[in-house]
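Chemist: Next comes the sequence, and after it the predicted model I'd like to discuss.
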Amino acid sequence: MKIVVTVKLVPDTNADKRIDPASKRLVRTGVETVLNPFDEYAIEAALQLKDKAGEGTTVTVVTMAPESGKEVVRKALAMGCDDAVLLSDDGLAGSDVWGTAYALAAAIKKSGFDLVVCGTQSTDAITGELPGALAEFLGVPGLTYVRKVELNGTTLAAERETDNGYLKVSCPLPALISVTKSIGEARYPSLKGIMGAKKKTIAPLTLADLALDAPVGSVGAKTEVLALAQPPAREKGKVVHVADGAEGARAIVDFLKEKKLI
Amino acid sequence: MDFHFTDEQKAIQSLCREFARDEVKPRAEEMDASAAFPYDLVKKMAALGLMGLPFPEEYGGSGADTVSYALAVMEIARADASTAITLAAHVSLGSMPFYLFGTEAQKQKYLVPLARGEMLWGFGLTEPQAGSDAGGTRTRAELRDGRWTVNGTKAFITNSGTDITGGTTITAITGHDERGRPEISNLAVEQATPGFTRAKTYRKMGWRASDTRELSFADAEVPEDALLGRRGDGLKQFLQILDGGRISVAALSVGLAMGAFDESLAYAQARHQFGKPISKFQAIQFKLADMLCQIEHAKLMVLKAAWEKDRGEDFVMSASLAKLFSGEMSHRVVNEAVQIHGGYGFMDEYPVSRMYRDQKINEIGEGTNEIQRLVICRLMGL
């Protein structure tokens, strides 16, 4: 069984985010790069499946990032993943969700997989669209927002979170899932894992290796950011002047009824 | 000269930072109040491989270097000094003697479970009447019919009485040379030895959740092979242990000061007086700048000593300088940290209050400031 985990490298989530007005892109220089926190749950889910399956199951990390991202990928290896694929090419700069999913799918197909595990979203652009797009390009069932997953031979059983509860679903392998926080806190890398990570392979991959049919990067982008704006400031709260508690309570109840909250 | 950390050093630092922030820091106040030993944190540190950090993998360790060890202790101490001394004493004092001087059998029996963090071990040098004058040891061990009989008392021994402590390595007089000078040797005494008893843990000003006890030996019999290394090498051995231990205690001082700085910076930005955050007043800004400057100074000294040790160079002077400076530096920094907090800094619910108490022992343990100066002067050849 080969499990592939996709990870993204994002600017430190605690740092202030700045957007370059000219390129309309997030400024990534001068900020520490970290593993996308949502992807740590994906790594955890994959490692849990590996722990359960035992011998013969491997976890490969696949990421699209500049060469300098190697060090961050090592954290995933230190946590227990077996090896990594680093897709790195200047021609990928400016890829939108379509291009990213298209290129990543080609890289994942090349490395082979039975199951792909993704985080639900990244903390930088937060589109949350990649898992779905990736499943499409891979041509496999895509189960998003999974909170619990089990493998039984060639099928996968999962619980998908919804706004009101969860759905019990299953699908044949190969497949793709994106997992939520409910999968469990991501494990710490152990010191042994850290010391052993440098001996694990991070295989480099470029666009030339993928021989894609369609252009990616800014040339191939299907979307364009037209404008950026601050979200509107929150409106001031409504102040109601009342004579007594009873009148005040009525005002609150009326307000909640109007909003259909009660 | 290269000030960059290796990938492994960086990864260990960030792991310890995360672990300390998420697992240790939230417990610090309660641990200080209850003075209860944090068995759960020891277990978690063991699972990460911290308890055997510098020892080779073949002995259950993680095979990391001294720079990584110093960075790890700093990050843990930044969150809680009690947990940091439990770790530092375990590695540098409890486990290191077996690694450096133990026979293969002793390493298998003691170092392996120690490095895995399944067992703790004490290092018994100090006595009620032999503190800075460590050579003035009075504890005696007499070899008769293939067994040592130990009599004496040890004081302030860290990790010596927890539920998972396996024993303590003690210095004892095992004879006299032809000029009548005492011959000192180190013996590994297991917890279950009849005649070996531990007092209740001391009530302390700081490091309150660490396990510190007085040990008594009354005709305690241990086998002949409890001897560590060569008979008569005790003095030489413990001096070597203390040299390495100074790096970790210096790292602990730096970490504590870093923690006090973190608290002060956050507080200064949140606390408003005269209509603005007190961090906007130069009186407070200058304190913060001075604190950071001193912390950086001490940190560089600690890392240099660790770096020399990793390169197999003579690090004794650097370690002593780092221990002395870091200990006194942490005193100045926590003092200013409380000052920045004003009245709130005197209240128990603010971490700097605990840090102020935890700091003092940094200037006493593993060689007082004064003994440290003496060591430095001797190294200068004075």
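Modeler: Good, I have the coordinates.
Chemist: Return the residues of the stretch 151-262 of chain A in contact with chain B.
Modeler: Taking C-beta under 8 Å from any C-beta of the partner chain as the test, the list of the stretch 151-262 of chain A residues beside chain B reads A:Y188, A:P189, A:S190, A:L191, A:K192, A:I194, A:M195, A:A197, A:K198. C-beta coordinates here come from the backbone N, C-alpha and C atoms, glycine included.
Chemist: pretty sure the fifth one is in a helix, no?
Modeler: Pointing back at A:K192 there. Yes - judged by DSSP: H, G, I helix; E, B strand; the rest coil, A:K192 forms part of a helix.
Chemist: which residues touch it?
Modeler: Applying C-beta atoms under 8 Å, 6 or more residues apart in numbering or on different chains to A:K192 gives the contacts B:G49, B:E57, B:S62, B:G63.
Chemist: The last one now?
Modeler: A:K198 sits next to A:R74, B:D7, B:E8 when contact means C-beta under 8 Å, 6+ apart.
Chemist: Would you format those as CSV with distance to B:L215, neighbour count and secondary structure included?
Modeler: CSV is the format used below for these (distance: C-beta to C-beta, whole Å; neighbours: other C-beta atoms under 10 Å in any protein chain shown; DSSP: H, G, I helix; E, B strand; the rest coil):
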residue, distance to B:L215, neighbour count, secondary structure
A:R74, 44, 24, helix
B:D7, 42, 16, helix
B:E8, 37, 22, helix
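Chemist: Identify, from the residues you listed, the entry nearest to B:L143.
Modeler: When those are ranked by distance to B:L143 (C-beta to C-beta), B:E8 comes first, at 44.9 Å.
Chemist: rewinding a little: of all the residues of the stretch 151-262 of chain A next to chain B, which comes closest to B:A36?
Modeler: B:A36 lies nearest to A:Y188 out of these, by C-beta to C-beta, at 23.6 Å.
Chemist: Please report the distance of the closest one from A:A78.
Modeler: Separation of A:Y188 from A:A78 (C-beta to C-beta, to the nearest Å): 9 Å.
Chemist: overlap in contacts of the two?
Modeler: Residues touching both A:Y188 and A:A78 (C-beta under 8 Å, 6+ apart): B:L15.
Chemist: so where's the longest helix in the chain?
Modeler: In the absence of a named chain, this looks at chain A. Across chain A, the longest stretch assigned as helix under DSSP state H is helix A:37-53.
Chemist: try chain B instead
Modeler: Taking DSSP H as the criterion, chain B has its longest helix at helix B:234-270.
Chemist: And the residue in chain B sticking out farthest from the centre, how far from A:L156?
Modeler: Most distant from the centre of chain B: B:G275, at 43.6 Å, with distances by C-alpha atoms, centre = their mean. Distance of B:G275 to A:L156, given as C-beta to C-beta: 60 Å.
Chemist: same deal with B:L227?
Modeler: Using C-beta to C-beta, one gets 60 Å for the distance from B:L227 to A:L156.
Chemist: A:S88 now?
Modeler: A:S88 is 31 Å from A:L156, by C-beta to C-beta.
Chemist: who has more neighbours, these two?
Modeler: Higher neighbour count among A:S88 and A:L156: A:L156, with 24 against 18, using other C-beta atoms under 10 Å in any protein chain shown.
Chemist: Test my guess that that one contacts A:K168.
Modeler: No - the pair A:L156 / A:K168 is not scored as a contact, 11.9 Å apart, by C-beta atoms under 8 Å.
Chemist: ok, now which ones touch the residue in chain A that chain B sits nearest to?
Modeler: As assessed by C-beta to the nearest C-beta, chain B sits closest to A:L191 within chain A, at 3.2 Å. Neighbouring residues of A:L191 by C-beta under 8 Å, 6+ apart: B:I12, B:L15, B:L48, B:G49, B:L50, B:L53, B:S62, B:A64.
Chemist: if you set the cut-off to 6 Å instead, what comes out?
Modeler: Neighbour list for A:L191: B:G49, B:S62, B:A64 [criterion: C-beta atoms under 6 Å, 6 or more residues apart in numbering or on different chains].
Chemist: the strands in the stretch 251-382 of chain B, which residues?
Modeler: Applying DSSP state E, counting those that start in this stretch to the stretch 251-382 of chain B gives strands spanning B:272-273, B:276-277.
Chemist: And for the stretch 51-200 of chain A?
Modeler: Assigned by DSSP E, counting those that start in this stretch, the strands in the stretch 51-200 of chain A fall at A:58-64, A:83-87, A:115-119, A:142-152, A:155-161, A:166-172, A:175-179.
Chemist: What ranges does the chain have for its helices?
Modeler: Unless you meant another one, I'm taking chain A. Per DSSP H, chain A carries helices over the ranges A:37-53, A:70-79, A:97-111, A:130-138, A:191-197, A:207-210, A:217-220, A:245-258.
Chemist: my bad, the chain I had in mind was chain B
Modeler: Using DSSP H, the helices found in chain B span residues B:7-19, B:25-34, B:39-48, B:66-79, B:81-88, B:96-101, B:104-106, B:112-115, B:234-270, B:282-310, B:316-341, B:351-359, B:369-379.
Chemist: okay, those in TSV with distance to A:E55 and mean pLDDT next?
Modeler: As requested, the helices of chain B are exported to TSV (distance: least, C-beta to C-beta, whole Å; pLDDT from 0 to 100):
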stretch	distance to A:E55	mean pLDDT
helix B:7-19	27	95
helix B:25-34	37	97
helix B:39-48	22	98
helix B:66-79	31	98
helix B:81-88	34	98
helix B:96-101	33	98
helix B:104-106	32	98
helix B:112-115	26	98
helix B:234-270	39	96
helix B:282-310	36	98
helix B:316-341	46	98
helix B:351-359	47	98
helix B:369-379	54	95
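Chemist: among these, which is nearest chain A?
Modeler: helix B:7-19 (4.5 Å).
Chemist: Need the contact partners of stretch A:217-230.
Modeler: Contacts for stretch A:217-230 (C-beta under 6 Å, 6+ apart): A:I19, A:K24, A:G91, A:L92, A:A93, A:G94, A:S95, A:D96, A:W98, A:G99.
Chemist: buried stuff in that stretch?
Modeler: By 16 or more other C-beta atoms under 10 Å in any protein chain shown, the buried positions in stretch A:217-230 come out as A:G217, A:S218, A:G220, A:A221.
Chemist: For it, give the mean pLDDT please.
Modeler: Averaging pLDDT along stretch A:217-230 gives 87.
Chemist: what's around A:R147, how many residues?
Modeler: The number of residues near A:R147, taken as other C-beta under 10 Å, comes to 16.
Chemist: Show the contacting residues for it.
Modeler: Applying C-beta under 6 Å, 6+ apart, the residues near A:R147 are A:E159, A:E161, A:T180, A:S182.
Chemist: List only buried entries from those residues.
Modeler: Using 16+ other C-beta under 10 Å as the burial test, these include A:E159, A:E161, A:T180 as buried.
Chemist: which among the residues you listed gets closest to A:K110?
Modeler: A:T180 (28.3 Å).
Chemist: Near chain A, which residues of the stretch 51-200 of chain B? Just list them.
Modeler: By the rule C-beta under 6 Å from any C-beta of the partner chain, the part of the stretch 51-200 of chain B lying against chain A is B:S62, B:G63, B:A64.
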